[in-house]
Structures are given as C-alpha cells and as structure tokens.
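**Student:** Just a sequence and a predicted model for now, questions to come.
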Amino acid sequence: MPPDRPAAALPAGLESADLPADAIEVGRIADAWGIKGWFKVLPHSADPQALFSSKRWYLQPSDRGIKTFAGTVLMRVREAKEHSDSVVARCDAIEDRSGAEALKGARVFVPRSSFPTAAEDEYYWIDLIGLDVVNREGVALGTVRELISTGPQTVLVVDYEEAGKLQERMIPFVAVYVDKVDLPARRITVDWQPDY
C-alpha cells in the first residue's frame, strides 16, 4: 500500500477559510497572466459583475487534474478587470508569475450576498435555477434546470416528468412569454402550453 501523500500546501500568502454557506461558483482560474502575479479567470457568466463586486474570493482546487492546494482558501483581491473574453485579477498575496501559476484550475466562489443588486425585472440565473414553472392556467410545466444564452435571448431549460421519463422543454425567457417571476414563492408564471 503506497504511503499517503501529504496535503498540498496553501499558495503563499493565502489563508485557509471556510466556504460561506451562500457561496456561488462564479468562475475558474485559467492560468497566470503576465509576470507580476496577475492571473486569468474564466467567468461562468457573460456578465461577470459578481467577480468585480467582491474583494474576497474563496478558492477550491479543481475537481480534476493536478491540485496545488487542498481545502478552501481566502483570497483578498486587489484588482479585477475585463480582458477580452475573460477577467484578469491580482491579489495582495501573489507577487510573481509562479505564485499565479499555483492557482491554475482553482474554482472561484463569492458569497451570494456580495452580488450587486439586480435591477427591477433583472435576475441572476442562479436565482432562477430550481424554480417551478407554471402557465397562466396553473398547469405545472416543470422545474428550471438551467438557462442557456442563444445570443439574442435567454432560454429556460425546464425538466418535467412524462410517462415515467424525465423530459425537458425550452421556454424563451422574454417578456412576451414570462408573466411573473416570484422569487419568494419560487415560481415563474409563463404564457406557455404543455404541448408547445
């Protein structure tokens, strides 16, 4: 039996932390960017405002591949900005490229409570996932599993069961079809029929 491998050390200057209960995964660190400790982040959203609104990011190692650290670490972000199709950032603790490379693959979480307040009739996708969808007649159409962007519009992917099999329907998330989003009741009311 091979000996246990020692836990990977924390990247220099970062501290071990507990993941907040309301933490949401918002991106992943792709690689180092430049030579002064900057790193490139691939956001999970086309609008990465959650990355910019929080100066405290929580990192966990990648689910697969090489793990350069274990557990959850807290990173205090000094600066983050958009760059092409990604975000580049730097933190107080990392001063050089090798320090940034040690973060490659890390998953980035921020507390949901630090997201900017959405404008009226705007919603974060994460808040819509799991909501029940019903039509104007009160017929249950299923539960939102995910949302996809088709370019000009966003589409709700709704799971429902029919004849003992899990099915999916897609409903455009646009005002002409969506009557109401009731987050406290966890329900979306739509102008849509089960046979569409």
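**Tutor:** Structure's in. What do you need? Every value quoted in this text rests on a predicted model; they were computed, and no experiment measured them. Numbers count the residues shown, from 1 in each chain.
**Student:** mind listing the strands in the chain by residue range?
**Tutor:** 15-16, 23-32, 39-43, 56-60, 73-83, 86-91, 107-111, 132-135, 140-149, 154-162, 165-172, 178-182, 187-190 (DSSP state E).
**Student:** Any idea which of the ones you listed gets closest to A119?
**Tutor:** Closest approach to A119 among these (C-beta to C-beta): strand 178-182, 13.0 Å. Where you see a C-beta, it was placed from the backbone N, CA and C, and this is true even at glycine.
**Student:** before we move on, the earlier item: so can I have CSV of the strands of the chain showing mean neighbour count?
**Tutor:** Output for these, formatted as CSV (neighbours: other C-beta atoms under 10 Å):
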stretch, mean neighbour count
strand 15-16, 11
strand 23-32, 20
strand 39-43, 21
strand 56-60, 21
strand 73-83, 16
strand 86-91, 21
strand 107-111, 21
strand 132-135, 19
strand 140-149, 16
strand 154-162, 16
strand 165-172, 13
strand 178-182, 14
strand 187-190, 20
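**Student:** So for Y123, which of those strands sits nearest?
**Tutor:** Per C-beta to C-beta, nearest to Y123 of the strands of the chain: strand 178-182, 6.0 Å.
**Student:** tell me what the closest one is packed against?
**Tutor:** strand 187-190 (3 or more C-beta pairs under 8 Å, 6 or more residues apart in numbering; DSSP states H and E).
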